[in-house]
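S.K.: Have a look; sequence and predicted model below, questions after that.
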Amino acid sequence: MSSTVPVSPASAALYIGLMSGTSVDGVDGVLVRLSDTQAPQVLASASLPMPENLRRELLALNRPGDDELARASLAANALARLYAQAVSDLLRDARLHARDVTAIGAHGQTVRHRPDSGYTVQLNAPALLAELSAIDVVADFRSRDVAAGGQGAPLVPPFHAAIFGAPQGRAVLNLGGIANVTLLAPGLPVRGFDTGPANVFLDAWCQRHLGQPFDADGRWAATGKVVAPLLEQLIASEPWFALPAPKSTGRDLFNLQWLDDRLAAFDGPTPAPQDVQATLQRLTARTVANAIDAAAAHTQEVFVCGGGARNAGLMQELAYCLQRPVHPTDALGVPAQQVEALAFAWLAQAFVQRKPAGLPAVTGARGPRVLGALYPA
C-alpha cells in the first residue's frame, strides 16, 4: 500500500527513511525532500505488512534459542529484501530513480536492547540493502550513542523538536511496541525517554487469546473492564517505571513472561482474558500519563504517532488518564504512521552532513555524537 504527492525531480536533497518497530507488524517508508530551511516534503510513502513467517522469527529472536547466529543472519537478509521492496515502491510512485536519492536511513529490527550492559542489537543487512537498491545506506544508529555511555534511545526527540516545536508545552508520544515521549517547552531543553509498554502486551495477549495480531480499535478491550488491583500490582511490581530519565527499554524486559509472572502472583480472582486486555490498555495509558505528569506537568497537549495512534480505544484511554487534549500528529500535518520513517530519513541526512544527532540530555551519552554507519552503494 502506498501513497504519493506528485512532484518533479529537483536538485534538493532526497532521502528515504525506513522503519520496522517493536510491534513487528510491518515496514513503513517515506521518500522525502529535506532542506535546512523548509519543512520536510514527503514525495511518497509506503507501508508493507511483515510476512507472518518473518514476524514469528523476529519475535522468536528476541529470546535466547538454538542456532541464533544463523537464524538472525537469515532474518536480517529477509528484512533487507522487504526494505528493498519498500524502496522500489517509493521510487516508482515518486517517478524517481535510485541515483536521485542521497541515502537511505534504515533502523533495522531491535531484538536486544541492553544499554546497561553496553550493547544494543538491530537486525539488518545494510550491505545487502545497498546492493539491492543501488543507494547509499546509513544504518546502526544506536551503537555510537551506547558506546558513549548513552541509552541509544529514544533517537527521535531532536526530530520531533525540529518539526513539532510550539510556543506552548507539548508532548509528542510514539506508540509502537514500546512507548516513548518527547517533551517540548519554550525555553527548556528537549527531553525524551521511554515510558514503558505500548502495544507489546496488547498485541501479544490478543494473539494468544484471539489468534489475531492486534486488537483493532481496542474493540476486544472494550468488552472487558479494568481490574484496578491488577493494574496497581503491575505498576508497583516493576522498578523500571520509577527510574529517572534517561531510560529506555524493550522486549528484553516487557514480554509475555513478565506478564505471566505477574498474573500468577496476582492475589485476586483470576480475571477474564478481556479484562486483562482492558487492564493492559489502561497500563499503557496510565504509565504514559504518570511519566508526563512527573516530568512535565506544564504539558498542555499531547500528539501521538506510531501504530497506537490508530487504536481508538487506546487514544480514549490516553485522554482519560492524561486529562489533556490528545490528537494524532495528523493534526499537525504529519501522518502518524510516517513520523518514525521520516525521523530516520532525517537522521540519515544528519549522518551525511556529519552533524551530531543524538541529544545527551535525552540518552545520557557523554556528549553529542554523529550517529550511524555508512554502506555505500
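M.R.: Ah, there it is. Owing to the predicted nature of the structure, the values given are computational and were not obtained by experimental measurement.

S.K.: Please identify the helix or strand for Leu54.
M.R.: Per DSSP states H and E: Leu54 is located in helix 52-60.

S.K.: The helix or strand following that helix: which residues count as buried?
M.R.: Scanning forward in sequence from helix 52-60 by DSSP H and E, the next helix or strand is helix 68-94. Buried residues in helix 68-94, counted by 16 or more other CB atoms under 10 Å: 71-72, 75-76, 78-80, 82-87, 89-91, 93-94. Heads up, the C-betas are built off the backbone N, CA and C, glycines and all.

S.K.: residues in contact with the strand or helix carrying Trp220?
M.R.: Per DSSP H and E, Trp220 falls inside helix 219-222. Helix 219-222 has contacts (CB atoms under 8 Å, 6 or more residues apart in numbering) with Leu202, Cys206, Leu210, Asp215, Gln274, Gln277, Ala278, Leu280, Gln281, Gly313.

S.K.: just stretch 124-139 next, same as before
M.R.: With CB under 8 Å, 6+ apart as the test, stretch 124-139 has contacts from 16, 73, 76-77, 79-81, 83-84, 87-88, 98-99, 101-109, 122, 140, 347-348, 351-352, 372-377.

S.K.: what do you get if the cut-off is 6 Å, keeping everything else the same?
M.R.: With contacts defined as CB atoms under 6 Å, 6 or more residues apart in numbering, stretch 124-139 is touched by 76-77, 80, 83-84, 87, 98, 101, 103-106, 108, 348, 351, 372-377.

S.K.: Select only the buried ones of those residues in PyMOL?
M.R.: Written as a PyMOL command, the selection of buried residues from these, which uses 16+ other CB under 10 Å, is:
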select buried, resi 76+80+83+84+87+101+103+104+105+106+108+348+351+372+375+377
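
S.K.: So which of the contacts of stretch 124-139 sit within helices?
M.R.: Ala76, Asn77, Ala80, Tyr83, Ala84, Val87, Ala348, Phe351 (DSSP state H).

S.K.: show me what contacts the fourth one?
M.R.: Contact criterion CB under 6 Å, 6+ apart gives Leu18, Ala106, Leu129 as the residues in contact with Tyr83.

S.K.: Kindly report which residue of this protein is located farthest from the centre.
M.R.: Among residues of the chain, the one most distant from the C-alpha centroid is Pro269; the distance is 34.9 Å, by CA atoms, centre = their mean.

S.K.: any idea how far that one lies from Leu74?
M.R.: 45 Å (CB to CB, to the nearest Å).

S.K.: what does the strand or helix carrying Val172 contact?
M.R.: Val172 belongs to strand 170-175 when assigned by DSSP H and E. For strand 170-175, the external contacting residues (CB under 6 Å, 6+ apart) are 160, 164, 180-184, 198, 292, 299, 301-306, 308.

S.K.: do stretch 352-366 as well
M.R.: Counting by CB under 6 Å, 6+ apart, 103, 145, 148-151, 157-158, 189, 192, 246, 347, 350, 367-371 sit against stretch 352-366.

S.K.: Can you select the buried ones from those in PyMOL?
M.R.: In PyMOL syntax, the buried subset of these is picked out as below (16+ other CB under 10 Å):
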select buried, resi 103+145+148+150+151+157+158+192+246+347+350+369+371
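
S.K.: quick one: which of the contacts of stretch 352-366 sit in helices?
M.R.: Among the contacts of stretch 352-366, the members falling in helices (DSSP H) are Asp145, Pro157, Pro158, Leu347, Ala350.

S.K.: just curious, which of these is nearest to Glu317?
M.R.: Pro157 (23.6 Å; CB to CB).

S.K.: Distance-wise, check the closest one relative to Ala70.
M.R.: 36 Å.

S.K.: Same check on Phe351?
M.R.: For Phe351, the distance to Ala70 - CB to CB - is 30 Å.

S.K.: Could you do Val200 as well?
M.R.: Val200 sits 26 Å away from Ala70, going by CB to CB.

S.K.: Any stretches of the chain with poor pLDDT?
M.R.: Filtered on pLDDT under 70, the chain yields the residue ranges 1-11.

S.K.: all helices in it, in order from the N-terminus.
M.R.: Applying DSSP H to the chain gives helices spanning 52-60, 68-94, 126-133, 143-147, 157-164, 200-210, 219-222, 228-236, 256-265, 273-295, 312-322, 339-352, 360-363.

S.K.: Tell me the buried residues in the fourth one?
M.R.: It stands for helix 143-147. Residues of helix 143-147 classed as buried by neighbour count (16+ other CB under 10 Å): Ser143, Arg144, Asp145, Val146.

S.K.: Adding distance to Leu31, write these out as JSON lines.
M.R.: Output for those, formatted as JSON lines (distance: CB to CB, whole Å):
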{"residue": "Ser143", "distance to Leu31": "26"}
{"residue": "Arg144", "distance to Leu31": "26"}
{"residue": "Asp145", "distance to Leu31": "26"}
{"residue": "Val146", "distance to Leu31": "29"}
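
S.K.: Out of the residues you listed, the closest to Pro115 would be?
M.R.: Sorting these by how near they are to Pro115, with CB to CB, puts Val146 at the top with 5.2 Å.

S.K.: Can you tell me the number of residues neighbouring the closest residue to that closest one other than its chain neighbours?
M.R.: Of all residues not flanking Val146 in the chain, Gly152 sits nearest, at 4.1 Å (CB to CB, 6 or more residues apart in numbering). Neighbourhood size, Gly152 [other CB atoms under 10 Å]: 27.
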